[in-house]
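Q: Got a predicted structure plus its sequence, pasted below:
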Amino acid sequence: MRYREPGGRVGRQREKSFPSKREAVDYGIKVENDKREHVCLDSDAGKILVREYAIDWLARRSIRDTTRANYTRFVDPHLTPHIGGKPLIAVTSRDIETMCKAMVDGGLSRRTVYQSLMVPLRSLFDSAVTEKRIPESPVALAALPRIRANRVDEKSLPDEKAVRAIAKAIRSDWEISILLMAGCGLRIGEMLAVRYADFNDGMLRLRRQFVRVKRSDGYKAELSPLKAREEGEWRDVPVPSAVWAAVERHVQEHGLGGDGYLLHARHGGEVLDSNYRVEFKNAVKKAGYGDEPWTAHTLRHFFAGSAIAGGVSLLEVSRWLGHSTVQITADIYGHLTPDAGGKLRSVMDRVLTGASVGGDGGETGAGSVLVPGTT
């Protein structure tokens, strides 16, 4: 069967042999239909080995250095050994399922495998589909479990007294960090990148975060776009008056670091998140809470839990936390909505007894629902 690739007379001519004329004719019909529907595949393009395609795919990605490093740490030790030697078009959903299970059996957490590592894996095969190297993504066809975000146990969070104690226990020039994370819900990298100039009229505009990057001369703190955002994007967070008062007091007593950063090392330079975590852990012990499994990220949970328990909507909390979707916020903190069970019981009691759902709860015929079996 001889045919041309898409492009008319300038399309490359190909041929394919079959054991019978009927199969050859059927294939020719399929090729012509595929060309009309713009789904015609390049039969040779899909023969490239996965490891070769992964190298080319990664080199073409316009991504941050930290993201590229994370993708490389997936491709080299995991993707390449498991399916790197297979042609791209020969990879099946079973291969994907087997590879993921092997990574879990090898010691990686289910969350890392089925959530974090799915991002580069799905993107790689989606690109192959777009380039018409393969008809469909084996990742999309694979039966992989959905990993939901862990719900926060509000009973395991510090209370206001503990937060104040930790703030007093940490070195005095870093006390402001506790208030920024507990009062504004910042991630560690975001807090480390806060400058005095970022505050304006009761709001804090977050533009960048510090990430720890390994260089030839050791680890360095480098600026990067906010999580789930592109370069130049930002988010605004309301600043409680108590936090703003602490910011002004911090500036008066400790000054600013290079480029106006609130938190800085003793020499005035940037603070590595790893160094900060050590200081935070020591402060928790010094404050008398050494048996608690609290980390600096726990203060972000404290912020979200306090806001939701106080009646702030999930949508607003999600926006201020910088989550990519409100569903993430709901999965983690949705159960903290104040007295949701009590509100439901009250509403349903009024509905089932024929009382109005709105207003003062008095009896009314309009808008009421009768209990089944009544007239």
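A: Structure received.

Q: and the helix or strand where Val139 lies, average pLDDT?
A: Assignment of secondary structure by DSSP states H and E places Val139 within helix 138-141. Averaging pLDDT along helix 138-141 yields 93.

Q: So which elements touch it?
A: In this structure, helix 138-141 packs against helix 93-105, helix 118-130, with contacts taken as 3 or more C-beta pairs under 8 Å, 6 or more residues apart in numbering; DSSP states H and E. To be clear about C-beta, it is placed using only N, CA and C from the backbone, and glycine gets the same treatment.

Q: Buried residues in it, which are they?
A: Within helix 138-141, the residues scored as buried using 16 or more other C-beta atoms under 10 Å are 138-139.

Q: Lys132 - that's part of a strand, no?
A: No. The assignment for Lys132, made by DSSP: H, G, I helix; E, B strand; the rest coil, is coil rather than a strand.

Q: now this structure, which segments are flagged as low pLDDT?
A: 5-12, 35-43, 339-341, 355-375 (pLDDT under 70).

Q: Got the domain ranges for it?
A: 2-28, 46-141, 156-334, 339-375 (automatic domain parsing).

Q: The ones you listed into CSV, with extra columns for distance to Asp34?
A: Converted to CSV, those look like this (distance: least, C-beta to C-beta, whole Å):
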stretch, distance to Asp34
domain 2-28, 9
domain 46-141, 9
domain 156-334, 35
domain 339-375, 53
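
Q: Quick one: closest of those domains to Arg148.
A: domain 156-334 (5.2 Å; C-beta to C-beta).

Q: and the closest one, how far from the chain's centre?
A: 18 Å (C-alpha atoms, centre = their mean, to the nearest Å).

Q: since we're on the residue nearest to Ile63 when sequence neighbours are not counted, how many residues are nearby?
A: Leaving aside its sequence neighbours, Ile63 sits nearest to Tyr71 (C-beta to C-beta, 6 or more residues apart in numbering; 7.4 Å). Tyr71 has 22 neighbouring residues, counting by other C-beta atoms under 10 Å.

Q: Highest mean neighbour count out of the helices and strands packed on helix 138-141?
A: helix 118-130 (a mean of 18; mean count of other C-beta atoms under 10 Å).

Q: immediately after the helix holding Val139, which helix or strand?
A: helix 160-169.

Q: Run through the neighbouring helices and strands of that next one.
A: When contacts are defined as 3+ C-beta pairs under 8 Å, 6+ apart, helix 160-169 sits against helix 175-184, helix 273-286.

Q: Would you mind giving those helices as CSV with mean neighbour count and distance to Lys214 added?
A: Listed next are these as CSV, based on neighbours: other C-beta atoms under 10 Å; distance: least, C-beta to C-beta, whole Å:
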stretch, mean neighbour count, distance to Lys214
helix 175-184, 24, 24
helix 273-286, 16, 11
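
Q: so how far is the longest helix anywhere in the chain off the chain centroid?
A: Counting by DSSP state H, the longest helix found in the chain is helix 21-36. Computed by C-alpha atoms, centre = their mean, the chain-centroid distance of helix 21-36 equals 44 Å.

Q: count of residues packed around Pro293?
A: Neighbour number of Pro293 under other C-beta under 10 Å is 8.

Q: doesn't it fall inside a helix?
A: No. Pro293 is assigned coil when assessed by three-state DSSP, not a helix.

Q: Contacts only, for it.
A: Shown in contact with Pro293 (C-beta atoms under 8 Å, 6 or more residues apart in numbering): Ser156.

Q: for it, phi and psi?
A: Phi and psi for Pro293, reported as degrees, to the nearest 10, are phi -80, psi 30.

Q: what do you get for Glu131?
A: Dihedral angles of Glu131 (phi, psi; degrees, to the nearest 10) stand at phi -80, psi 0.

Q: quick one: it and Met348, what's the gap?
A: 54 Å (C-beta to C-beta, to the nearest Å).

Q: Between those two, which is the more surrounded one?
A: Legend: neighbour count by other C-beta under 10 Å for Glu131 and Met348, higher for Glu131 (15 against 12).

Q: hmm, back to that, now the helices and strands packed on helix 138-141 as JSON lines including distance to Arg229?
A: Formatted as JSON lines, those follow (distance: least, C-beta to C-beta, whole Å):
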{"stretch": "helix 93-105", "distance to Arg229": "28"}
{"stretch": "helix 118-130", "distance to Arg229": "15"}
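
Q: Out of the ones you listed, which is closest to Arg146?
A: Closest approach to Arg146 among these is made by helix 118-130 (9.9 Å; C-beta to C-beta).

Q: what sits up against the closest one?
A: Residues contacting helix 118-130 (C-beta under 8 Å, 6+ apart): 46, 53-54, 57, 70-71, 74-75, 79, 88, 91, 96, 134-140, 144.

Q: Just the buried ones from those residues?
A: 46, 53-54, 57, 70-71, 74-75, 79, 88, 91, 96, 134, 137-139, 144.
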